[in-house]
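Engineer: fold the following and give me the result.
(2 chains)
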Amino acid sequence: MFEPVNDLPMLKAEDLRVHFPVRSGVFLTQTGAVKAVDGVSLELGVGETLGLVGESGCGKSTLGKALVRLLEPTSGKIFFEGRDITHLKQGALRPLRRDFQMIFQDPAESLDARMSVRSLVEEPYRIHKMGNRVERKKWVDDLLDTVGLSAASAERYSFEFSGGQRQRIGIARALALKPKWLVCDEPVSALDVSVQSQILNLLVDLQKEFDLSYVFIAHDLSVVKHVSDRVAVMYLGKIVELATSESIYKHPKHAYTKALLSAVPVADPQVKREKILLEGDVPSPIDPPSGSAFGHRLRHRRYGETIGMDLALAEIEPGHWVAADPCCLEAEDWEEISARHSSPR
Amino acid sequence: MSVANLLEVDRLITSFDTERGILRAVDQVSFNVPIGKTVGIVGESGCGKSVTAMSIVRLLPQPTGKILGGEIRFKGEDLIHASDKRMQRIRGGEIGVIFQEPMSALNPVHRIGRQVAEVFRIHKKMSKKDAWDASTEMLGLLRIPAPEKRMMDYPQHLSGGMRQRVVIALALACRPDLVIADEPTTALDVTVQAQILDLLGSLQSEMGMSLILITHDLGVIAETCDEVVVMYAGRVVESAPVDELFGNPLHAYTQALLRSIPTLETVPKSVLPTIPGTVAGLAEYSHGCRFCQRLGRNSPATRERPKFKEVEPGHWLEICKECSNL
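Structural biologist: Below you'll find the predicted structure:
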């Protein structure tokens, strides 16, 4: 089970919400909100990887961006090494920005095609006014070596590289300021399998070498399982299950996690598994069901009970958290959870 | 020719005219599609799997794409030399194509109903009313809820999964003998992917059609295909029945590909086996074994073009001293 390496988590989010206003009418009055992230609490330990999985539109990327303060949270709090950074202004945030960085999905789009690799990787130092020209040159050379690019590639341009090498440039940029934690948003989903494994190995190596913490966002569950210590499963803006990666893959408790896992195709024709086929798609986050969102998709008979119910995460086993939702749990698990709470559910 | 094969592709060569000369994206590719079976073509991006498929229905980018050689026989008919008019009848009629990106395969300014009905109007010469009814039935067959209502929607009103169902409806409308699906689920979530693959499988057995499934996902191949064709840098390096390919892969590239994918069973944070190097650009393709080229092997033996041979019944392999493990 996961134990925090240190008393203070690297990163902590409390009841984080990111709502995007929906405006309509002549005066563009706010008529609703897209609840992209709707009450997420999590912790990230030093040197830990927390995987975030879920279908597209579940809010995992929005959550990642809010954590690195690229999006303004609507409510809730973000703590970095115990310090509340939720509402720090740009000026106060800038020195802290060195400590957390982001790796994007498509390196081709996040790298300026008119800049050489050297100036791309050097840019963070220039922005933070670090070092002189000679020092910066040495740092860039070292960084390129760390991510497995030849020194000669520094004078070339990003479009001359393949997808995997471009992702290495993106990683070099993110590592330039020696961050403590990174949000990796689908870092390998644009890559071919043989290149994907190279980048995953690199990320794991870098983590060991620099004691980095990752929030690793991906839709590929096998990839997330491979790199993560703990995994959070998101559905419609909320975390529905959170546990160590072994525990979540071996003993998933939430019906959505089970469905998601059963849908992953297995590269072995001898394995014939029963798939849990879900009907329909993720409901709209503009007008989410008032009760259990996944219970609604399942058209569960107990859905009615969940309206107005507190569906917060409950610890079903040490370190294994799951939404206390009668629609999505096995009867025995539900009984165990509801019995533990003295307050009538 | 064998009667059991619906489609036979024999030493197909497809090239593109570029500034750097005529480049062969597909270099003597051979495989067969038996009646009622699913053949998966797997490989990394740029290996020529989509170009192979588009050569079959002659939908190559014009004027640069050309079929330079080889044979494509569909129900015994030579498709390379078929007239354009005949190809128009075949596409959408006898061979259906499912494209990867459903949004670009559908026209955003026309209602779903009109786009599906068009297939019936053109290929079956149906009246407007009949075509409309047939389209509604088709959408229902693809388990699209409330098909009458969806007929009136525009593509952008539907979710990714529903859109892909409409694209499949277009491809299956005339109950083709062969369906070519180019990465049909790559843009979709795993849960929706499972729905779509399940649906394709059941429609296939219902209609008795053959399917060519192009994908880079070995998991999808393992779960849906009867035969597998592994392509690397414009050539087939290995092809075999699915159990044989996964159980007894003989080419170093196939083996490396199978090893490099993380599965739900791999030890977290363990070092994944990788394939060194990257695929050479089309202009730099060597004449010899191209996987040796990637690995930087350059002996006289690897400079010669490896022969493609049947090493066991149904198991074909590119014979390279370094890469084939016989």
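Engineer: break down the chain into its helices, ranges please.
Structural biologist: Because you didn't say which chain, this covers chain A. When assigned using DSSP state H, the helices of chain A occupy the ranges A:60-67, A:90-97, A:107-110, A:117-127, A:133-146, A:163-175, A:193-210, A:221-227, A:245-250, A:255-262, A:293-298, A:303-306, A:331-340.
Engineer: please refer instead to chain B.
Structural biologist: Under the criterion DSSP H, chain B contains helices at B:49-56, B:84-90, B:102-105, B:112-123, B:128-141, B:147-150, B:160-172, B:190-207, B:218-224, B:242-247, B:252-260, B:290-294, B:300-303.
Engineer: now the closest residue to chain B within the stretch 1-150 of chain A: how far from B:Leu106?
Structural biologist: Of all residues in the stretch 1-150 of chain A, A:Glu55 sits closest to chain B, at 4.1 Å by CB to the nearest CB. All C-beta spots, glycine's among them, are computed from the backbone N, C-alpha and C. To B:Leu106, A:Glu55 is 22 Å away according to CB to CB, to the nearest Å.
Engineer: look up phi and psi at A:Leu111.
Structural biologist: Backbone torsions of A:Leu111, given as degrees, to the nearest 10, read phi -110, psi 130.
Engineer: OK, contacts around the nearest residue to it once chain neighbours are set aside?
Structural biologist: In space, A:Leu111 comes closest to A:Ser158 once its chain neighbours are excluded; the distance is 4.2 Å by CB to CB, 6 or more residues apart in numbering or on different chains. Going by CB atoms under 8 Å, 6 or more residues apart in numbering or on different chains, A:Ser158 touches A:107-108, A:111-113, A:115, A:117, A:120, A:166, A:169.
Engineer: pick out whichever of the residues you listed sits closest to A:Glu317.
Structural biologist: Relative to A:Glu317, the closest of the contacts of A:Ser158 is A:Pro107; by CB to CB it sits at 39.1 Å.
Engineer: and the nearest residue to that closest one once chain neighbours are set aside, how many residues sit next to it?
Structural biologist: Counting by CB to CB, 6+ apart, A:Pro107 lies nearest to A:Arg166, which is 3.7 Å off, once chain neighbours are set aside. Using other CB atoms under 10 Å in any protein chain shown, the number of residues around A:Arg166 comes to 22.
Engineer: can you read off the pLDDT for A:Arg166?
Structural biologist: We have a pLDDT of 90 for A:Arg166.
Engineer: roughly how far apart are it and B:Trp132?
Structural biologist: A:Arg166 is 48 Å from B:Trp132, by CB to CB.
Engineer: and what of B:Glu312?
Structural biologist: B:Glu312 is 52 Å from B:Trp132, where distance means CB to CB.
Engineer: again, but for B:Ser324
Structural biologist: As for B:Ser324, its distance to B:Trp132 is 55 Å (criterion: CB to CB).
Engineer: tally of neighbours for the residue in the stretch 151-300 of chain A positioned nearest to chain B?
Structural biologist: Per CB to the nearest CB, A:Pro265 is where the stretch 151-300 of chain A lies closest to chain B, at 3.0 Å. Around A:Pro265 there are 23 other residues, counting by other CB under 10 Å.
Engineer: one more: A:Tyr157?
Structural biologist: If you count neighbours by other CB under 10 Å, A:Tyr157 ends up with 16.
Engineer: what pLDDT is listed against it?
Structural biologist: A:Tyr157 carries a pLDDT value of 90.
Engineer: just A:Val68 next, same as before
Structural biologist: pLDDT, A:Val68: 93.
Engineer: what sits closest to residue 298 if chain neighbours are left out?
Structural biologist: Since no chain was named, I'll use chain A. Nearest one to A:Leu298, counting by CB to CB, 6+ apart, is A:Cys327 at 6.3 Å.
Engineer: switch to chain B, that's the one I care about
Structural biologist: Nearest non-adjacent residue to B:Asn298 (CB to CB, 6+ apart): B:Cys292, at 7.4 Å.
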